[in-house]
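*Asks:* here is the input, now give the coordinates:
(one chain, ligands or ions: 2)
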Amino acid sequence: MEDAAVCFEYYADLAESLDEKQRSPISLPMENFKSHILKEPIGVVGLITPWNYPLLMATWKVAPSLAAGCTAVLKPSELASLTCLELGAICIEVGLPPGVLNIITGLGPEAGGPLSSHPHVDKVAFTGSTETGKRIMTAAAQMVKPVSLELGGKSPLIVFDDVDIDKAVEWAMFGIFANAGQVCSATSRLLLHEKIAKQFLDRLVAWAKNIKVSDPLEEGCRLGSVVSEGQYEKIKKFISTARSEGATILYGGARPQHLGRGFFIEPTIITDVSTSMQIWREEVFGPVVCVKEFRTESEAVELANDTHYGLAGAVISNDEERCERISKALHSGIVWINCSQPTFVQAPWGGNKRSGFGRELGQWGLDNYLTVKQVTKYCSDEPWGWYQPPSKL
Ligand SMILES: NC(=O)c1ccc[n+]([C@@H]2O[C@H](COP(=O)([O-])OP(=O)(O)OC[C@H]3O[C@@H](n4cnc5c(N)ncnc54)[C@H](O)[C@@H]3O)[C@@H](O)[C@H]2O)c1
Ligand SMILES: N=C(N)NCCCC=O
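*Replies:* Numbers count the residues shown, from 1 in each chain. Ligands and ions are numbered 1, 2, ... in the order given. Sure, this is the predicted structure:
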């Protein structure tokens, strides 16, 4: 909730400074021309959002699009629409004019589909799965409509042998068990230097056993249930497929014994993973991490980049130069050094490859909803003189 409020405040400030940045001059090589830039709202935008962090993911789009001067149609996930409807009620309360923010609930193809194909929607901003992203891009292409896509990920966390093990273990846990792993940027592939792998895994299991899995309303809860029965079954299938492909479930993998009902899954750690396995390649979107060992820095980078996704990546090491090299070598839109997941509204957010394109947050988030117009003026009294003037009457 706090992150959503901070995001609105941040873009309210950017909206004010946007007015000051209008008419910024372009320097031209000819004195008889002057040129400046207008940044204009792109128009009516369709905002399609997922069920994880339902209010925050909507806010990352609603706040900058309204700050840019657009009108918006928000289509929240059918699994988590209520907080977005509350946002609508708040907008009425604070006097947002009717029609500026419109919220349509419903299923994806029926309520979301028309936003991609309708000629009066000028842009679609989407967060969700790669498969839906492809469908939206295909529909929007028929109208040559711009899209920005924040899709899934299979982000790596690389841990070298020069670290404080317990500190690194805690970041590894936060990277995959926070929000029950239902985070697009979750670091779901853990790469451990072989020298510390055994010790690291022992400590990871010890820390994982210590996580309080419970109803999130209980004090001290650090792992709640996943969003739906469908997601619960999907995660269990990922775990059973990993097992049948020859991986080891080092810890977890089942419903916690003390929770008889609800879609709870233990924090799950999977080892003996090969790069051809489903658990290495596909996004689980649950509290499930797979682990591989590496010997050299270049092997670590190769494993980290061995994915069609490119949202985030993280490295933990006390060697600053190594961290710099790795941050350049990772094919992702976000790199965390000595941590995983902390997110700031000021910094750009988004991915490469099949994790999508375009950036949310920061000034880039505002640019998503602006179009750039050049205004160029001829300011000489001389005629242009390209054509031969006809003889005077
Ligand atoms: N990268 C992320 O931030 C992120 C977020 C949520 C989910 N996911 C991934 O997506 C999977 C499914 O989650 P989900 O159901 O929220 O994602 P999804 O892609 O199915 O749905 C996201 C949004 O798109 C809408 N939608 C679905 N089909 C559409 C269509 N044809 N046209 C227009 N809109 C359409 C949905 O109603 C929802 O509002 C997860 O298991 C996870 O792998 C990724
Ligand atoms: N730390 C935060 N708030 N992360 C949000 C990640 C959104 C993607 O699913």
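*Asks:* how about the residues of the chain by ligand 1?
*Replies:* Where proximity means C-beta under 6 Å from any ligand atom, the interface of the chain facing ligand 1 comprises 48-52, 75, 77-78, 107-109, 112-113, 116, 127-129, 132, 135-136, 150-152, 184, 283, 285. Every C-beta, even on glycine, is put in place using the N, C-alpha and C of the backbone.
*Asks:* now, of those residues, which are buried?
*Replies:* Buried members of the residues of the chain next to ligand 1, counted by 16 or more other C-beta atoms under 10 Å: 48-52, 75, 77, 108, 112-113, 116, 127-129, 132, 135-136, 150-152, 184, 283, 285.
*Asks:* so Asp3 sits in a strand?
*Replies:* No. The assignment for Asp3, made by DSSP: H, G, I helix; E, B strand; the rest coil, is helix rather than a strand.
*Asks:* give me the element the closest residue in space to it that isn't next to it in sequence is part of.
*Replies:* Of all residues beyond its chain neighbours, the one nearest Asp3 is Leu56 (5.4 Å), with distances taken as C-beta to C-beta, 6 or more residues apart in numbering. Under DSSP states H and E, the secondary-structure element containing Leu56 is helix 54-67.
*Asks:* got the contact list for the residue in the stretch 251-393 of the chain that ligand 1 sits nearest to?
*Replies:* Scanning the stretch 251-393 of the chain for proximity to ligand 1 using C-beta to the nearest ligand atom identifies Phe285 as nearest, at 3.9 Å. Residues in contact with Phe285, defined by C-beta atoms under 8 Å, 6 or more residues apart in numbering, are 52, 152, 181-182, 186, 231, 234-235.
*Asks:* can you tell me the SS state at it?
*Replies:* On the three-state scheme (three-state DSSP), Phe285 is labelled coil.
*Asks:* quick one, phi/psi of it?
*Replies:* The phi and psi torsions at Phe285 (degrees, to the nearest 10) take the values phi 60, psi 50.
*Asks:* and it, what pLDDT?
*Replies:* According to the model's per-residue confidence, Phe285 sits at a pLDDT of 98.
*Asks:* sorry, back to before: next helix or strand past the helix holding Leu56?
*Replies:* Following helix 54-67 in sequence, per DSSP H and E, is strand 71-75.
*Asks:* can you list the helices and strands that that following strand packs against?
*Replies:* In this structure, strand 71-75 makes packing contacts with strand 44-48, helix 54-67, strand 101-103, judged by 3 or more C-beta pairs under 8 Å, 6 or more residues apart in numbering; DSSP states H and E.
*Asks:* so which residues on this structure come close to ligand 2?
*Replies:* Near ligand 2, the residues belonging to the chain are 3, 52-53, 56, 183-185, 341, 343 when assessed by C-beta under 6 Å from any ligand atom.
*Asks:* who wins for neighbours among the residues you listed?
*Replies:* Counting neighbours by other C-beta atoms under 10 Å, Cys184 leads the residues of the chain next to ligand 2 with 26 neighbours.
*Asks:* which single residue of the stretch 251-393 of the chain ends up nearest ligand 2?
*Replies:* The nearest approach of the stretch 251-393 of the chain to ligand 2 comes at Thr343, 3.7 Å away (C-beta to the nearest ligand atom).
*Asks:* how about the stretch 151-300 of the chain?
*Replies:* Per C-beta to the nearest ligand atom, the residue of the stretch 151-300 of the chain with the smallest distance to ligand 2 is Cys184, at 3.6 Å.
*Asks:* state the distance from that residue to Gly128.
*Replies:* As for Cys184, its distance to Gly128 is 9 Å (criterion: C-beta to C-beta, to the nearest Å).
*Asks:* picking that back up, next one: the helix holding Leu56 to chain centre, how far?
*Replies:* Here helix 54-67 is found 13 Å from its chain centre; the criterion is C-alpha atoms, centre = their mean, to the nearest Å.
*Asks:* and what of stretch 140-149?
*Replies:* Offset of stretch 140-149 from its chain centre (C-alpha atoms, centre = their mean): 19 Å.
*Asks:* ditto for stretch 248-263
*Replies:* Its chain's C-alpha centre and that of stretch 248-263 lie 28 Å apart, by C-alpha atoms, centre = their mean.
*Asks:* for it, buried residues please.
*Replies:* By neighbour count on 16+ other C-beta under 10 Å, the buried set for stretch 248-263 is 249-253, 255-256, 263.
*Asks:* from those residues, which ones fall inside strands?
*Replies:* Using DSSP state E, 249-251 are the members of those that sit in strands.
*Asks:* nearest to Gly175 among those?
*Replies:* Taking C-beta to C-beta as the measure, Tyr251 is the one of those closest to Gly175, at 15.8 Å.
*Asks:* thought that closest one was touching Ile265?
*Replies:* No. The pair Tyr251 and Ile265 does not pass the contact test of C-beta atoms under 8 Å, sitting 12.0 Å apart.
*Asks:* and Gly201, that's in a helix?
*Replies:* If you look again at residue 201, you'll see it is Leu, not Gly. Yes. Assigned with three-state DSSP, Leu201 falls within a helix.
*Asks:* who touches it in this structure?
*Replies:* With contacts defined as C-beta under 8 Å, 6+ apart, Leu201 is in contact with 192, 250, 269, 271, 291.
*Asks:* now do Cys323
*Replies:* 315, 317, 337-338.
*Asks:* try Ile326
*Replies:* The contact partners of Ile326, taken as C-beta under 8 Å, 6+ apart, are 158, 297, 300-301, 304, 313, 315, 317, 335.
*Asks:* show me which pair in those residues is furthest apart.
*Replies:* Among these, the pair separated by the greatest distance (C-beta to C-beta) is Glu297 and Val335, at 14.9 Å.
*Asks:* count of residues packed around Trp364?
*Replies:* 16.
*Asks:* just confirm it contacts Pro348, I think it does.
*Replies:* Yes. Trp364 is in contact with Pro348 according to C-beta under 8 Å; the separation is 4.4 Å.
*Asks:* measure the residue of the stretch 251-393 of the chain closest to ligand 2 to Val335 for me?
*Replies:* Plainly put, Thr343 is 13 Å away from Val335 if you go by C-beta to C-beta.
*Asks:* residue contacts, the closest residue to Ser228 other than its chain neighbours?
*Replies:* Nearest residue to Ser228, sequence neighbours excluded (C-beta to C-beta, 6+ apart): Leu79, at 5.8 Å. Remark: with contacts taken as C-beta under 8 Å, 6+ apart, Leu79 is in contact with 51, 227-228.
*Asks:* perfect, that will be all.
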